[in-house]
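Undergrad: structural data only, the sequence is not supplied:
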């Protein structure tokens, strides 16, 4: 019985470590994708997310509909996006 428990322990530990490594890799890749975005856009998303988290969904959505952000690089990013769509 104790041999079975030891084998089970090591099997479970291996699976957990492997899954954590995979999770870390996935989180890292997502973070890289986020970092590729406009810093001003990320700042706006964080502000909108915080408003919804701190005030609830209804007030968060009201805040979003009444808030605008100056994000200078939007025009260039949209132009590049539309160019990719056309090709």
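TA: Thanks, I have the structure now. These numbers come from a predicted model, not from an experiment. Numbering: from 1, shown residues only.
Undergrad: now the phi/psi pair for the most centrally placed residue in the chain, please.
TA: By C-alpha atoms, centre = their mean, the mean C-alpha position of the chain lies nearest to residue 30, the distance being 6.1 Å. Dihedral pair for residue 30: phi -70, psi -40, per degrees, to the nearest 10.
Undergrad: separation between it and residue 50?
TA: 20 Å (C-beta to C-beta, to the nearest Å). Placement of C-beta: from N, CA and C, glycine included.
Undergrad: then residue 79?
TA: In terms of C-beta to C-beta, residue 79 sits 30 Å off from residue 50.
Undergrad: ok, residue 53 - contacts?
TA: Shown in contact with residue 53 (C-beta atoms under 8 Å, 6 or more residues apart in numbering): residue 60.
Undergrad: what's the pLDDT at it?
TA: Looking at residue 53, its pLDDT is 95.
Undergrad: and if you look at residue 5?
TA: pLDDT at residue 5 comes out at 58.
Undergrad: please begin residue numbering at 240 from this point
TA: Let's use 240 as the start, then, which means that last one is residue 244.
Undergrad: how far out from the middle of the chain is the worst-scoring helix or strand of the chain on mean pLDDT?
TA: Lowest by mean pLDDT, DSSP states H and E among the helices and strands of the chain is helix 241-274, with a mean of 78. Computed by C-alpha atoms, centre = their mean, to the nearest Å, the chain-centroid distance of helix 241-274 equals 20 Å.
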